[in-house]
Structure formats: C-alpha cells, structure tokens
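What follows is a predicted structure for the sequence shown.
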Amino acid sequence: MSMFKIFDVSGSAVSAQSQRLNVVASNLANADTVAGPDGKAYKARQVVFSTELMGKGGALGADTAAGVRVTNVVEDETPGRRIHDPKHPAAGPDGYVTFSNVNAVEEMVNMISASR
C-alpha cells in the first residue's frame, strides 16, 4: 500500500469522526429540550458507519484499501423521559412533560471516543 493510500484511509476516518462529533454536539445541545418545531421532543441521533473500498482491487487485493464513510444518521426511537410537572407550560393533560431521549453520559463517551 502506498503512502498516499494511507493518507486516504486516515482522511476518510477523520471525516467520518468529524460528522460523528457534529451529531454528538447536536444531541448535547438538545439534551434538555422539551418540544421541537413539530411539537414533539427531540430524539437523539446516531451515526452509522460502513466500510468503503478505496482503490482498484488488483490480484489478491494488493491495491485495495478500506476506508470509512457515514452511510446514515438515524434517530433513536427510545421514549423520552417523562417528569410529572403540571405547572410546566409544555405539560400534557396528565401533567407529565416529555423531555428528549438524549443520555448526556453516553454522548460524552461518544465525544471522547470520536475525538481520539
């Protein structure tokens, strides 16, 4: 593998992790939100990675390297936490307020992992 291929592989990983950091930042910024523009609580997002072949695949794959790319950003469908606060302006008829499903501890771990 040539030196330029190594830079291509590491560059694809840095780009993918940069996108992951942007998603983590968005999740942390919305960790305590109650309702978005659609009237529903914010849902945490996660980045999905996949392998991307780089190069020509000659005999025995000698010229082929594998990089990383982001294939999708998906929403976490777990329900948000509900807190009973009937005086809150966003409380439902039962007195519960639904917050986002972002787990700040998990997001901090994701941030540390992506920054390495």
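Perfect, thanks for sending it.

any chance you could map the helices in this structure?
3-29, 104-115 (DSSP state H).

The first one vs helix 104-115, what angle?
With axes from the mean of the first three to the mean of the last three CA atoms, to 10 degrees applied, the angle from helix 3-29 to helix 104-115 works out at 160 degrees.

Show me what helix 3-29 is packed up against.
Contact here means 3 or more CB pairs under 8 Å, 6 or more residues apart in numbering; DSSP states H and E; on that basis helix 3-29 packs against strand 45-55, strand 64-75, helix 104-115. For glycine as for every other residue, the C-beta is placed from the backbone atoms N, C-alpha and C.

how far out from the middle of the chain is it?
11 Å (CA atoms, centre = their mean, to the nearest Å).

What are the buried residues along it?
Neighbour counts using 16 or more other CB atoms under 10 Å place 8-9, 12, 16-17, 20-21, 23-24, 27-28 of helix 3-29 among the buried residues.

Tabulate the helices and strands packed on helix 3-29 (TSV), appending mean neighbour count.
Below are the helices and strands packed on helix 3-29 laid out as TSV (neighbours: other CB atoms under 10 Å):
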stretch	mean neighbour count
strand 45-55	15
strand 64-75	14
helix 104-115	13
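
Tell me which of these approaches His84 most closely.
In terms of CB to CB, the element of the helices and strands packed on helix 3-29 nearest to His84 is helix 104-115, at 21.1 Å.

Which strands or helices does the closest one pack on?
Helix 104-115 packs on helix 3-29, going by 3+ CB pairs under 8 Å, 6+ apart.
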